[in-house]
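[1] here's my sequence, what's the structure:
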Amino acid sequence: MNIIMKRNLFHIGAATLAIVLAACDVGSRAGVDSIRAKATQSLVQKNFTDAANSADALIKRAPESSEGYFLLAQAEAQLDEKNAAIATLESAIKKGYKDQKSIETNANIAPIRDLPAY
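    From the prediction side, this is the model:
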C-alpha cells in the first residue's frame, strides 16, 4: 500500500470517528434532557423520592451543571433532609445557579428557608 492510500485511509478513519463521537454526544445530551425532564416531572407530581433519584442521576451525567443540584435540593427539602438540601443548594450556587428569584420563591425549597444555614 503506498503512502497516498494510507493517508486517505487515515482521513476516512478520522472522519468516521468524528461522526461516531458526534452521535454519542447527541445521545448523551438527549439522555441528560430526559433525566432532567423526569426529575422535574417527579417534583411537580410530588414524588420526591423519584425526583431525588433522577436529580442524582442527572448530576452523575452532567456534574458541572447547576440545574441537577437545584432539582436535588428541592427533593431533599421536601423529604425532610434539610441539612443535605442546604448543602446541595450551596453546590448548585457554586456550580453557577443564578436564578435568585427561583431560590426565594420555589415552594419545594420552603422547608429550608427558616434554617440559620439558609
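
[2] contacts, neighbours, all on C-alpha from now
    OK.

[3] quick one: E90 from S66, how far?
    With distances taken as Cα to Cα, to the nearest Å, E90 is found 10 Å from S66.

[4] surely L71 meets L58?
    No: L71 is not in contact with L58 according to Cα atoms under 8 Å; the separation is 9.3 Å.

[5] can you list the low-confidence ranges for this protein?
    Scanning the chain for pLDDT under 70 picks out 1-29.

[6] and the strands in it?
    Applying DSSP state E to the chain gives no strands.

[7] what about the helices in it?
    3-44, 48-61, 66-78, 82-94, 100-105 (DSSP state H).

[8] who touches the fourth one?
    The contact list for helix 82-94 (Cα atoms under 8 Å, 6 or more residues apart in numbering) reads 66-70, 72-77, 111-112, 117-118.

[9] out of these, which are buried?
    Listed as buried from those are 66-70, 72-77, 111-112; burial here means 16 or more other Cα atoms under 10 Å.
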